[in-house]
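Trainee: quick one, fold the following:
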Amino acid sequence: MFYLIFVIIITAIIVGPSYWVTYTLKKYSQPNDRYPGTGAELARLLLDWANLQAVKVEQTEQGDHYDPIEKAVRLAPDKFGGKSLTAITVAAHEVGHAIQDRDGYLPLRWRTRMVQIAGPVEKLGAAILMIAPVVAVVTKAPLTGALFLAGGMLTLGTATVIHLITLPMELHASFARALPMLVHGGYLMEGDEPHARKILRAAAWTYVSASLMTLLNIGRWWAILRR
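Mentor: This is a model prediction of the structure:
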């Protein structure tokens, strides 16, 4: 019973943030014609206001993000062409990252470097997890498989650690950059500010919630190795 309760709690910790982020962003994605302009149009307007004419606004299938290497604000189709509260608020959040980059915001630089390192490390972790069961069978030494699993856990957990460490940077982009632009620029309709705050909080947690979900893969591989 204790083990079951423990599993339920851990699962809730991992899955809960992802559900909350998805629910919040989806909730305010309707109506999709609430605002006169699209997320892409607002992003372009805010970037020009911030003297960031060189930063591009692009549509992507890889999730909303700001690319500090290519200098581009990238929005998913529903944000790029959408006119919902979610669309314009998320667009402002990503512009907030572009302004951080312009200002030489140190945590953004750290995150950029860490993410560049994390990519190859995560691939190595995935490879380790894939061969761990084979090694355990071939060597007939469960400890060997456990060691490979431990390596995989460390590497797959890299993204989660990075995003947790840099969560304050995401909150800064939301509440020190995006929200003032939306409020003082008069871009929000009356009564929308409290809801925009919820969206900005969810936007800040997006990477953390997504990376937490990868931890479920660790549990899945652990179950395979224990068979």
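
Trainee: residues in contact with stretch 173-191?
Mentor: When contacts are taken as Cβ atoms under 8 Å, 6 or more residues apart in numbering, the neighbours of stretch 173-191 outside the stretch itself are 34-35, 42, 46, 49, 88-89, 92-97, 99-100, 193, 196-197, 200-201, 203-204. Where you see a C-beta, it was placed from the backbone N, CA and C, and this is true even at glycine.

Trainee: repeat the analysis, applying 6 Å as the threshold.
Mentor: 46, 92, 93, 96, 97, 99, 196, 200, 203, 204 (Cβ atoms under 6 Å, 6 or more residues apart in numbering).

Trainee: cool, and stretch 105-122?
Mentor: By Cβ under 6 Å, 6+ apart, the list of residues contacting stretch 105-122 from outside reads 68, 100, 101, 155, 158, 159, 162, 166, 169.

Trainee: could I get the contacts of stretch 173-191 as TSV with distance to residue 120 and secondary structure?
Mentor: Shown next, in TSV, are the contacts of stretch 173-191 (distance: Cβ to Cβ, whole Å; DSSP: H, G, I helix; E, B strand; the rest coil):
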residue	distance to residue 120	secondary structure
46	34	helix
92	32	helix
93	28	helix
96	28	helix
97	23	helix
99	29	helix
196	37	helix
200	32	helix
203	27	helix
204	26	helix
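
Trainee: go through these and name the one nearest residue 135.
Mentor: For the contacts of stretch 173-191, the residue nearest residue 135 by Cβ to Cβ is residue 204; the value is 39.5 Å.

Trainee: that closest one contacts residue 172, doesn't it?
Mentor: No - here residue 204 lies out of contact with residue 172, judged by Cβ atoms under 6 Å, at a distance of 8.6 Å.

Trainee: for residue 88, which three-state class applies?
Mentor: Assigned with DSSP: H, G, I helix; E, B strand; the rest coil, residue 88 falls in the helix class.

Trainee: how many residues are close by it?
Mentor: When neighbours are counted by other Cβ atoms under 10 Å, residue 88 registers 32.

Trainee: mind listing what's buried in the host helix or strand of residue 180?
Mentor: Taking DSSP states H and E as the definition, residue 180 sits inside helix 179-184. For helix 179-184, the buried set under the neighbour-count rule, 16 or more other Cβ atoms under 10 Å, comprises 179, 181, 182.

Trainee: now do it: distance to the chain's middle.
Mentor: From the chain centre to the centre of helix 179-184 is a distance of 22 Å (Cα atoms, centre = their mean, to the nearest Å).

Trainee: any chance of the contacts of stretch 173-191 in JSON lines, plus distance to residue 58?
Mentor: Written out in JSON lines, the entries for the contacts of stretch 173-191 read as follows (distance: Cβ to Cβ, whole Å):
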{"residue": "46", "distance to residue 58": "15"}
{"residue": "92", "distance to residue 58": "16"}
{"residue": "93", "distance to residue 58": "16"}
{"residue": "96", "distance to residue 58": "17"}
{"residue": "97", "distance to residue 58": "14"}
{"residue": "99", "distance to residue 58": "18"}
{"residue": "196", "distance to residue 58": "23"}
{"residue": "200", "distance to residue 58": "21"}
{"residue": "203", "distance to residue 58": "18"}
{"residue": "204", "distance to residue 58": "21"}
